[in-house]
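Engineer: quick one: sequence plus predicted model below, questions after.
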Amino acid sequence: MDSSIENRKLRMAMIGGGPGSGIGDIHRKAALMDGEIELVAGAFSTNPEKNRAQGKAHYVDPSRVYDSWRDMLEREAALPADRKCDIVSIVTPNHVHFEPAKTALELGFDVIMDKPMTMSLDEALQLRDVVRRTGRTLALTHAFATNAMVKCARDLVKQGVLGKLRKIAVQYPQGWLHELIERDNHKQASWRTDPKLAGAGCIGDIGVHASHLSETITGLRVISVAADAAAVVEGRTIDDDFTALARWEGGVRGSIEASQISFGEGNGLAIRVYGDKAGLEWRFDNMDFLIIKYQDKPWEKWARGSTYVNAASPSAAQITRCDKYHAEGYIEGFANIYVNFAKTVRKLALGQTPTELERDFPNVEDGVRGMAFIEAMLQSSRNNGDWTDVARCD
């Protein structure tokens, strides 16, 4: 271990995130936001010219801009402790998640990666075994679930504000794939609509966010689904829309639906949770606020950064950067994961125990549950919406 880790930024290498990679740019901005991390190496693109250009754009030493992710990991692992990277960020298409993550963990690096974690549940279980065997830390960027008011909602549910939970409804409409834009070589659409590169379409790209959000707020696992998924746009070979009935632990029922062909929609993620005392609603398009709903008294509108939110939810307070009069946004959700991931990695490297708040980020277990959800959804849809159990992989 490099003993200097206590007094410096964590050194990060990135796999993927070349020119035109929207998610790669978001990860870089999020990683650097809180001053815990610096970008020192990368294998940004399989195109040599684009790879070098991206390294230059971020002032990475040209000798540490590598031709391939495997070359980068092996050469970084061989560097002296006071030079090599500490963590690896993976922002590639889904089919290039498992092998780089597995290799990085086995070479002694901690990993932060985009979702879904892998292409299959079997790969997810293998990756979890590697995490357990190596003792390394893996974080998964379910950024919506790390919003301050989502954490506040989670804490209020734990405190019993809603009472016994009864019903959950999650919607995630988008409209950007309402046409067959992948035929025009649209970079993001091309791989997301290719089953060999993405695995699942709408279910894996945004449906897994909806499922994870429901589990984060309620603390209940999705245990079975009855799904109807389809490729609605003619000529597409992967699902771009789905609706599912769902059952959660404790007898809670509800629905999860997502779409990428809902004309005119941007990023309409929203969740409603109802108990026997109250309900709550959180929407991505109004993410700084949480609505608590009552039957016989006025609804409450909780605002991020308020003293009452910070008092009720320390997990929300610790990731609040601005006061309630200034909005926080999408990139901060990623930054919330990066900063807690960095603090956890640093403490573990120093032989210290991270606090519960520092370890408050999606991890390999979330990745396993995400893949179990995806596979159950696909199986249910293939079987005309038959109720299908989500594999419990404890």
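Structural biologist: Yep, that arrived.

Engineer: just the helices in the chain please.
Structural biologist: For the chain, the helices defined by DSSP state H cover 22-32, 48-57, 69-78, 98-106, 121-134, 148-158, 187-192, 195-198, 202, 208-218, 307-312, 314-317, 330-349, 364-382.

Engineer: next one: the nearest residue to Ile271 once chain neighbours are set aside from Arg183, what distance?
Structural biologist: Computed as Cβ to Cβ, 6 or more residues apart in numbering, the closest residue to Ile271 that is not its neighbour in sequence is Val170, at 4.8 Å. Every C-beta, even on glycine, is put in place using the N, C-alpha and C of the backbone. Going from Val170 to Arg183 by Cβ to Cβ, to the nearest Å gives 31 Å.

Engineer: measure Leu105 to Ile15 for me?
Structural biologist: Distance of Leu105 to Ile15, computed by Cβ to Cβ: 13 Å.

Engineer: between the two, point out the one with more neighbours.
Structural biologist: Set Leu105 next to Ile15 and count neighbours by other Cβ atoms under 10 Å: Ile15 wins out with 28 against 22.

Engineer: any idea what the more buried one is bridged to?
Structural biologist: Counting by DSSP bridges, Ile15 forms beta bridges with Ala43, Ile90.

Engineer: and it, how close does it get to Ser224?
Structural biologist: Look at Ile15 and Ser224: by Cβ to Cβ, they are 35 Å apart.

Engineer: out of Val170 and Arg183, which sits in the busier spot?
Structural biologist: Taking other Cβ under 10 Å, Val170 and Arg183 do not tie; Val170 has more neighbours (24 against 12).

Engineer: so what are the domain limits for this structure?
Structural biologist: 3-144+337-362, 147-325+369-389 (automatic domain parsing).

Engineer: as JSON lines, those with mean pLDDT would be great.
Structural biologist: Compiled in JSON lines, these are given as follows (pLDDT from 0 to 100):
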{"stretch": "domain 3-144+337-362", "mean pLDDT": "96"}
{"stretch": "domain 147-325+369-389", "mean pLDDT": "97"}
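
Engineer: turn these into JSON lines, columns for distance to Ile331.
Structural biologist: Below are those laid out as JSON lines (distance: least, Cβ to Cβ, whole Å):
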{"stretch": "domain 3-144+337-362", "distance to Ile331": "5"}
{"stretch": "domain 147-325+369-389", "distance to Ile331": "11"}
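
Engineer: shouldn't Arg321 be in contact with Gly329?
Structural biologist: No - Arg321 is not in contact with Gly329 according to Cβ atoms under 8 Å; the separation is 10.4 Å.

Engineer: Ala148 contacts Arg321, correct?
Structural biologist: No - in this structure, Ala148 is not within contact of Arg321 by Cβ under 8 Å, at 9.0 Å.

Engineer: common neighbours of those two, please.
Structural biologist: Listed as contacting both Ala148 and Arg321 by Cβ atoms under 8 Å, 6 or more residues apart in numbering are Glu328.

Engineer: more neighbours, the two?
Structural biologist: When Ala148 and Arg321 are compared for neighbours, Ala148 comes out ahead with 26 against 15, by other Cβ under 10 Å.

Engineer: so what's the backbone phi/psi at Ala200?
Structural biologist: Backbone torsions of Ala200, given as degrees, to the nearest 10, read phi -110, psi 150.

Engineer: do you know how far it is from Gly108?
Structural biologist: Ala200 sits 31 Å away from Gly108, going by Cβ to Cβ.

Engineer: neighbour count winner among those two?
Structural biologist: Neighbour tally, Ala200 and Gly108, criterion other Cβ under 10 Å: the higher count belongs to Ala200, 24 against 15.

Engineer: list the residues that contact the nearest residue to the more buried one once chain neighbours are set aside.
Structural biologist: What sits nearest to Ala200 in space, not counting adjacent residues and going by Cβ to Cβ, 6+ apart, is Ile374, at 5.1 Å. The contact partners of Ile374, by Cβ under 8 Å, 6+ apart, come to Pro116, Leu121, Gly199, Ala200, Ile203, Gly204, Gly207, Val208.

Engineer: and these, which is closest to Val91?
Structural biologist: Proximity of the contacts of Ile374 to Val91 (Cβ to Cβ) peaks at Pro116, which lies at 13.3 Å.

Engineer: tally up the residues packed near that closest one, please.
Structural biologist: Based on other Cβ under 10 Å, the number of other residues close to Pro116 is 27.

Engineer: ok, now Thr134?
Structural biologist: Residues near Thr134, counting by other Cβ under 10 Å, number 17.

Engineer: so it makes contact with Phe109?
Structural biologist: No - using Cβ under 8 Å as the test, Thr134 is too far from Phe109 to be in contact (9.5 Å).

Engineer: Asn7 is nearest to which of the helices of the chain?
Structural biologist: For Asn7, the closest of the helices of the chain is helix 330-349, at 10.2 Å, according to Cβ to Cβ.

Engineer: need the CA coordinates for that closest one. PDB is fine.
Structural biologist: Below are the C-alpha coordinates for helix 330-349, written out as PDB (Å, rounded to 0.1, in the frame of the first residue of the first chain):
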ATOM      1  CA  TYR A 330     -27.900  15.100 -12.200                       C
ATOM      2  CA  ILE A 331     -24.100  15.000 -12.100                       C
ATOM      3  CA  GLU A 332     -24.200  15.500  -8.400                       C
ATOM      4  CA  GLY A 333     -25.900  12.000  -8.100                       C
ATOM      5  CA  PHE A 334     -22.800  10.500  -9.700                       C
ATOM      6  CA  ALA A 335     -20.500  12.600  -7.500                       C
ATOM      7  CA  ASN A 336     -22.300  11.400  -4.400                       C
ATOM      8  CA  ILE A 337     -21.200   7.900  -5.300                       C
ATOM      9  CA  TYR A 338     -17.700   8.800  -6.200                       C
ATOM     10  CA  VAL A 339     -17.000  10.800  -3.100                       C
ATOM     11  CA  ASN A 340     -18.300   8.100  -0.700                       C
ATOM     12  CA  PHE A 341     -16.500   5.400  -2.800                       C
ATOM     13  CA  ALA A 342     -13.300   7.400  -2.500                       C
ATOM     14  CA  LYS A 343     -13.600   7.900   1.300                       C
ATOM     15  CA  THR A 344     -14.300   4.200   1.700                       C
ATOM     16  CA  VAL A 345     -11.300   3.100  -0.400                       C
ATOM     17  CA  ARG A 346      -9.000   5.500   1.400                       C
ATOM     18  CA  LYS A 347     -10.000   4.300   4.900                       C
ATOM     19  CA  LEU A 348      -9.800   0.600   4.000                       C
ATOM     20  CA  ALA A 349      -6.300   1.200   2.500                       C
END
